[in-house]
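Student: sequence first, then the predicted structure:
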Amino acid sequence: MSRMTDVPKRLLLGRALRSDRLSETLLPKRVALPVFASDPLSSVAYAPGEVLLVLSVAGVSAYHFSPWIAVAVVVLMFTVVASYRQNVRAYPSGGGDYEVATTNLGRRAGLTVASALLVDYVLTVAVSISSGVENLGSAVPFIVEHKTLVAVVMIVLLTLMNLRGVRESGKLFAIPTYCFVAGVFALIVWGVVRGAVLGEEMRAPTADYDIASEHTGGLSGLALSFLLLRAFSSGCAALTGVEAISNGVPAFRKPKSKNAATTLAMMGLIAVTMFCGVIALALSTGVKMAEDPAKDLLINGQPAGHDYTQNPVISQVAAAVFGDGSIPFIFLAAATALVLFLAANTAYNGFPLLGSILAQDRYLPRQLHTRGDRLAFSNGIVLLAGAAAILVVVYEADSTRLIQLYIVGVFVSFTLSQTGMVRHWNRHLRTERDQAKRRHMHRSRAINTFGAFFTGLVLIVVLITKFSHGAWVSLVGMALFYAVMTAIRRHYDLVAEELAADDTDEKTVRPSRVHSIVLVSKIHKPTLRALAYARLMRSDSLEAVTISVDADETVQLRKQWEERGIGVPLKILDSPYREVTRPVIEYVKRLRRENPRDVVSVYIPEYVVGRWYEQLLHNQSALRLKGRLLYTPGVMVTSVPWQLESSEAARKRAKRRAEWNAPGSVRRGPAIRPGAKSAAGMSSGKDGEGSGQRER
């Protein structure tokens, strides 16, 4: 069975890598950009559309506010990028926002940031995949009809690619990301040439449509301000994923901090250029978007109806600039769909790495800190995929509904991280005397102060404008993550406190005596071996214990015991209800009560079978008894196995595939040379089928 599962695993994920090859997985800037920045770059495909969707509530006349909203988003993007360039230089270890907040603001702030980021990473996958399915569905109707299923399948495929390792997945993602960037820049340049240079008219497929609005006279005052703020908060989706680079600094090649800061700057410049370009072309080509196109989008004065599929803004702009169905249009549509699918890769790199750090700090299960065969944090990758798939199914892969949950978490982390950086510089300025360094610190503090103020202001706007539209779900998710991580840390702390060794354990709490018990069901080879082994241990007292389930059998056992002259006293425990486990447990507890400082050592004779059907033919009294005894304080349990002939065949089968079964062997690479000693060959023979189930 092990070989049957390992071969497909090797085919899907590749050969396991040695731990000392971790340096080979580090990323150059050209690969790190698509790996860590695919989310903010791909947001160009949906962020402009979200702005227009919100403004459409006030009718087409409100579209003229979109350039100002774009300017506000650009200012915020540059502020966040400049702030995070300070982060990656000051904290290059990969903790990112979590490390900054924990170090400078305390444990609770750090956990709040971690909770926010974990929720945001899950939403990044769900939103990106759902948006990619919708973009691809504009060309393939079948995908729209089954978009939830397609979205889940894409999550599975993306998970498999990431399980192959960061570097290998980065190479796979680089080409589509760069194709998308090239396609959008070509769209912007050709649109400017056609419109500004050649003077040609470009019209989107929806240019002649109208938008029905309940506010025929438009909005003004407080209502208009609220609408603009809501549109701005939707446009801020373009900033999601910026923090991933600060969390992924360890994955960069040396000099790590410098390369991460350069990648941040490149990402910010490319993202804002594409975002502004698409917004400008959408206005010039007359793109129309409605929150509820079935009712609010009017075609020849009539509602579009439920059969109408509203294409994304970038798809409509491409149809106007390149021509619907043209080769450049198809190229950009395919690249957009691919990059949206791959945008989730930002979360696939950020979530497992953050999970590993939290596991190391004992806030998440320690399994999340373990690297898999390909040196990726496989458990974190699988956990992220499962959570995102659940969201996609619950929200039916609807990016418009999912995006309402989005960006709350990321702005919580932005704000707390920048506030923490301000404290970081204040602390260093109190001790630094070098004037050049002090000037640099003052400049960095000013950048982070402005970043904290601006992102905090945006967080308030997002909470106010998106709370009733679904942002509350994100807050509930953050609270749940916070509570779970706090509970896990409390558990680990309690365990560590219980297990901590001190002088008292060494000197004053030694057991005064060891009282050994050998459990006997009948006199056979396993029983005689257990008695011989128990004698060898030289306990203070030794006795054999049997359970009287059948009176005749008990009398016969006592007679055989005396005839053999075994020399160990046999104690018989009555069991009127034919139980085996309870009388033994009660007897052991009684011994402990009578002599609290004594240790009771229980020897259980067992025999080992090798065939699966043999396991079904025998009762599991020894297994149940051991399970109960493990929870009894002051009791040591020792199994004394007797291997039957059938176990020898199972042992040989296990030995033949020892290289597959031994712990850690899947990470060793090539098979062990003939004649070489392996960890599996030195084990106790409990591998695979050879372990069987043992019975008294």
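Tutor: Now that the structure is in, tell me what you want to look at.
Student: so which strand or helix has the residue in the chain sticking out farthest from the centre?
Tutor: Computed with CA atoms, centre = their mean, the residue of the chain farthest from its C-alpha average is Glu563, at 65.2 Å. Using DSSP states H and E, Glu563 sits within helix 551-564.
Student: quick check: buried residues in the helix or strand that that helix is followed by?
Tutor: Toward the C-terminus, helix 551-564 is succeeded by strand 570-574 as the next helix or strand (DSSP H and E). Residues 570, 572-573 are the ones in strand 570-574 that count as buried (16 or more other CB atoms under 10 Å). Heads up, the C-betas are built off the backbone N, CA and C, glycines and all.
Student: neighbouring contacts of strand 570-574?
Tutor: Strand 570-574 has contacts (CB atoms under 8 Å, 6 or more residues apart in numbering) with 520, 543-548, 554, 557-558, 561, 583-584, 587.
Student: at 6 Å instead, please
Tutor: Strand 570-574 is contacted from outside by 543-548, 554, 561, 583, 587, using CB atoms under 6 Å, 6 or more residues apart in numbering.
Student: check the secondary structure at the spatially closest residue to Thr148 that is not a sequence neighbour for me.
Tutor: Excluding the flanking residues, the one nearest Thr148 by CB to CB, 6 or more residues apart in numbering is Ala397, at 4.7 Å. Using DSSP: H, G, I helix; E, B strand; the rest coil, the structure places Ala397 in coil.
Student: ok, Ala397 - contacts?
Tutor: 130, 133, 147-148, 151.
Student: and of these, the nearest to Tyr84?
Tutor: Ser130 (26.7 Å; CB to CB).
Student: the nearest residue to Val549 once chain neighbours are set aside: which element?
Tutor: Leaving out its chain neighbours, the residue that sits closest to Val549 by CB to CB, 6+ apart is Arg578, at 4.9 Å. Under the criterion DSSP H and E, no helix or strand holds Arg578.
Student: I'd say Arg578 and Asp550 touch.
Tutor: No: distance between Arg578 and Asp550: 8.4 Å, which falls outside the contact criterion (CB atoms under 6 Å).
Student: comparing these two, which residue is more hemmed in?
Tutor: Asp550 (12 against 9; other CB atoms under 10 Å).
Student: show the contacting residues for that one.
Tutor: With contacts defined as CB under 6 Å, 6+ apart, Asp550 has no neighbours.
Student: go again using 10 Å as the cut-off
Tutor: By CB atoms under 10 Å, 6 or more residues apart in numbering, the contact set of Asp550 is 556-557, 575, 578.
Student: could you do Ala151 as well?
Tutor: 125-126, 128-134, 143, 341, 388-389, 391-393, 395-399.
Student: just the buried ones from the residues you listed?
Tutor: 125-126, 128-134, 143, 341, 388-389, 391-392, 395, 397-399.
Student: which parts of the protein belong to which domain?
Tutor: Domain ranges of the chain: 21-494, 512-690, per automatic domain parsing.
Student: mind putting these into JSON lines with mean pLDDT?
Tutor: Listed next are the domains of the chain as JSON lines, based on pLDDT from 0 to 100:
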{"stretch": "domain 21-494", "mean pLDDT": "81"}
{"stretch": "domain 512-690", "mean pLDDT": "75"}
